[in-house]
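Participant: based on what follows, work out the 3D shape:
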Amino acid sequence: MPSRTSTTISGSPRNPLVRRLLPEPAELRAEEIYGGLQFPEPPPERPCVALNMVSTADGKITVDGRAGGIGGQVDRLVMRLLRSRVDAVMVGAGTVREEKINLGLPQDLRGMVPEMPEMSERDLLGVVISGSGQVPLDNLVHNAGERLLFLISEGAPDEAVETLSTRGEARRIPEDAGYGTTLAVLRQEYGVRRLLVEGGPGLNRGLIGAGKVDELFLTFAPKLAAGEAANILTGEALEAPAGMRLISVYESGGELYLRYSLQRG
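Facilitator: Have a look, this model is predicted:
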């Protein structure tokens, strides 16, 4: 059994405390939650893919149509810290339609994580995947040094390509291409080795069903929502449940921050 580490840390509303429950119990500041985080080495044909989601205790990923009201202060910080560790963050167009979203690397992290001085000097690639090319650009918050890539199907209208090109690069993908082709494009043509996916549930299900997800970061909020909101996965049942191994558990204010590895398919 791992020994319990006793550490005295003074917390504040700006720097709340987090308890690490697994692998080795400890008390630390929220910005240290994933200090030294290392992702698995990606396979040669695609990036290492990690999902990052927040859910109520009864499995809902939105409240009143929005995900932003589920997690607390530490959850929002965890999302930003995870983004600082990857090369690109990807969402489905449905997520952009639901609410305003910022796909950049937040500037408020500068100086917060001393072992990562380079993160204030690079731009994060924001990727939106859409079959139709219908993406509400007003819901994509502008970022300094913005880099946006829209992956759309070959059947999307030219008007959609022209509109998306006003904000970033619009790249067509063959309509019958699977997620393997999409991920190969990101790896081979854009140099993405670590990809963070932030939903929605249809994109999550497609990637897991294709065996292309390596890790899942899940914030479990102490809230109950009920209703018809989706879970972190939606769509047809998987052929077999995807196996996962628990890597770490953190807790703050009743929220749990879970990290799992998935079996590669």
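
Participant: from here on, contacts and neighbour counts on C-alpha atoms
Facilitator: OK.

Participant: state the number of residues packed around G133.
Facilitator: Taking other CA atoms under 10 Å as the criterion, the count of residues near G133 is 26.

Participant: so what's it up against?
Facilitator: Counting by CA atoms under 8 Å, 6 or more residues apart in numbering, G133 makes contact with I152, S153, A156, P157, A160, V161, L164.

Participant: against G253, how distant is it?
Facilitator: Separation of G133 from G253 (CA to CA, to the nearest Å) stands at 40 Å.

Participant: what of L218?
Facilitator: Taken as CA to CA, the span from L218 to G253 is 16 Å.

Participant: so which of the two has more stuff around it?
Facilitator: Comparing L218 with G253 by neighbour count (other CA under 10 Å), the higher total belongs to L218, at 19 against 14.

Participant: need the pLDDT of that one.
Facilitator: pLDDT, the model's per-residue confidence, is 95 for L218.

Participant: quick check: which element contains it?
Facilitator: Per DSSP states H and E: L218 is located in strand 215-220.

Participant: strands paired with whichever helix or strand comes after that strand, and their directions?
Facilitator: Going down the chain from strand 215-220, the next helix or strand is strand 244-252, by DSSP H and E. The strands that strand 244-252 pairs with in its sheet are strand 17-22 (antiparallel), strand 255-262 (antiparallel) (by DSSP bridges).

Participant: now render these as a markdown table, adding mean neighbour count, mean pLDDT and distance to G145.
Facilitator: As requested, the strands paired with strand 244-252 are arranged in a markdown table below (neighbours: other CA atoms under 10 Å; pLDDT from 0 to 100; distance: least, CA to CA, whole Å):
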| stretch | mean neighbour count | mean pLDDT | distance to G145 |
| --- | --- | --- | --- |
| strand 17-22 | 19 | 92 | 32 |
| strand 255-262 | 20 | 95 | 30 |
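
Participant: is it possible to get TSV of those that adds distance to R97?
Facilitator: Listed next are the strands paired with strand 244-252 as TSV, based on distance: least, CA to CA, whole Å:
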stretch	distance to R97
strand 17-22	33
strand 255-262	26
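
Participant: nearest to I101, out of the ones you listed?
Facilitator: Distances from I101 to each of the strands paired with strand 244-252 were compared by CA to CA, and the smallest falls on strand 255-262, at 21.4 Å.

Participant: which residues touch that closest one?
Facilitator: Here strand 255-262 makes contact (CA under 8 Å, 6+ apart) with 71, 75, 213-222, 242-251.
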